[in-house]
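Peer 1: Mind folding the following:
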Amino acid sequence: MAYYKGNRTIYSVLILICIVGFWLFENFYTPAPYSNKETSGLENNFPKAFLPSSTTGDIVHHSYFTLSYNEPFEQAEWVAYVLEKGHLTYDDRKRPYFLEDPFVPSKSADWRNYKGSGYDRGHLVPAGDRRFSKQAYDETFYTSNVSPQDREFNAGIWNDLEQQIRRWAKQYGSLYIFTGGVLENGLEEIGEEDVDVPNAFYKIVARKKNNKLHTISFLIPNKPQFLPLRNFVVAIDDIEEETGIDFFAELPPDEQKAFEATTNTVGWKF
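Peer 2: Residues are numbered from 1 along each chain as shown. Now for the predicted structure:
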């Protein structure tokens, strides 16, 4: 009997040690950054002339995408990246940890804000667009590149849009992509850091043809959707009005007017 009680005590202690160890690991373990200052931005070939304005001035250039972080909302107000046909590989990548972005001056929100919230950590730059490189893939798991998304929205129409954009990249070549949530006052907040939950997300896609920019843009409510993607096509001007962001800010006003007011889908095969 004493032997049995002794074993039970040992097992209880081991279980307690495992629980404490797991808790310490989950709450205090921080992996090394996925990029560093020496390499960050070296491979980022997004044209600076196409970058949007920033309402905060907190612009971060990672190796394979650029973002503008909005600290009061604890997420990026936009991310910008290039998607090329050659980026679309089927390389198998090990899913890394979500990690605070060390290059955001205030640091991005901790991933634990999302735990138990009912919302997905929705990627802005999709991890699936960055399988061609381990660093490129891992960088998409900085929390500066995620935003709270309804699970059915994320797995549904948002995923459909990402798949459609990959088809366009295969068909047309290089695409310039901007995406983010519409950040405004009065949004629902989650976690200890009050991460805001956007009511809608936008995505702008541009490509060059005959030295002219051709664009298509979407604004989609952050909830389950059952209509075709075409129903969510809007003008870039509409997204600018909703977000307060000036897209293609460095281009001459006349050049912007040539495409920012249109909802024409000609040239974009669905």
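Peer 1: What segments of the stretch 1-150 of the chain are strands?
Peer 2: Using DSSP state E, counting those that start in this stretch, the strands found in the stretch 1-150 of the chain span residues 59-61, 66-70, 75-83, 119-123, 146-150.
Peer 1: quick check: mean pLDDT across the shortest one?
Peer 2: Pointing back at strand 59-61 there. The average pLDDT within strand 59-61 is 94.
Peer 1: Next: the third one.
Peer 2: The average of the pLDDT scores along strand 75-83 is 97.
Peer 1: Output the contacting helices and strands for it.
Peer 2: The elements that strand 75-83 packs onto, with contact taken as 3 or more CB pairs under 8 Å, 6 or more residues apart in numbering; DSSP states H and E, are strand 66-70, strand 146-150, helix 157-172, strand 175-181. Quick note: C-beta positions are derived from backbone N, CA and C, even for glycine.
Peer 1: Kindly provide the distance from the residue nearest the centre of the chain to residue 256.
Peer 2: Taking CA atoms, centre = their mean, the centroid of the chain lies closest to residue 124, which sits 1.7 Å from it. To residue 256, residue 124 is 23 Å away according to CB to CB, to the nearest Å.
Peer 1: ok, now residue 134?
Peer 2: 37 Å.
Peer 1: got a markdown table for the helices and strands packed on strand 75-83, with distance to residue 200 too?
Peer 2: Below are these laid out as a markdown table (distance: least, CB to CB, whole Å):
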| stretch | distance to residue 200 |
| --- | --- |
| strand 66-70 | 15 |
| strand 146-150 | 11 |
| helix 157-172 | 11 |
| strand 175-181 | 7 |
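Peer 1: Which among the ones you listed is found nearest to residue 204?
Peer 2: Residue 204 sits nearest to strand 175-181 of all the helices and strands packed on strand 75-83, at 4.3 Å, using CB to CB.
Peer 1: show me where pLDDT drops low in this structure?
Peer 2: Applying pLDDT under 70 to the chain flags residues 1-33, 36-43.
Peer 1: Show me how this protein divides into domains.
Peer 2: Using automatic domain parsing, the domain ranges for the chain come out as 1-30, 37-260.
Peer 1: and those domains, which is most packed in?
Peer 2: With neighbours taken as mean count of other CB atoms under 10 Å, the domains of the chain reach their highest mean count in domain 37-260, at a mean of 18.
Peer 1: what distance separates it from the centre of its chain?
Peer 2: Here domain 37-260 shows a centroid-to-chain-centroid distance of 4 Å under the convention CA atoms, centre = their mean, to the nearest Å.
Peer 1: begin at 262 from here
Peer 2: New numbering, starting at 262: the last item is domain 298-521.
Peer 1: Who does residue 382 form a beta bridge with?
Peer 2: residue 409 (DSSP bridges).
Peer 1: what about it, distance to residue 388?
Peer 2: 11 Å.
Peer 1: coming back round to it: double-check the residue nearest to the centre of the chain against residue 439; I have them as touching.
Peer 2: No. Residue 385 lies out of contact with residue 439 (CB atoms under 8 Å); the separation is 9.5 Å.
Peer 1: quick one: contacts for the residue nearest to residue 332 when sequence neighbours are not counted?
Peer 2: The shortest distance from residue 332 to any non-neighbouring residue, by CB to CB, 6 or more residues apart in numbering, is to residue 367 (4.7 Å). Going by CB atoms under 8 Å, 6 or more residues apart in numbering, residue 367 touches 319, 330, 332.
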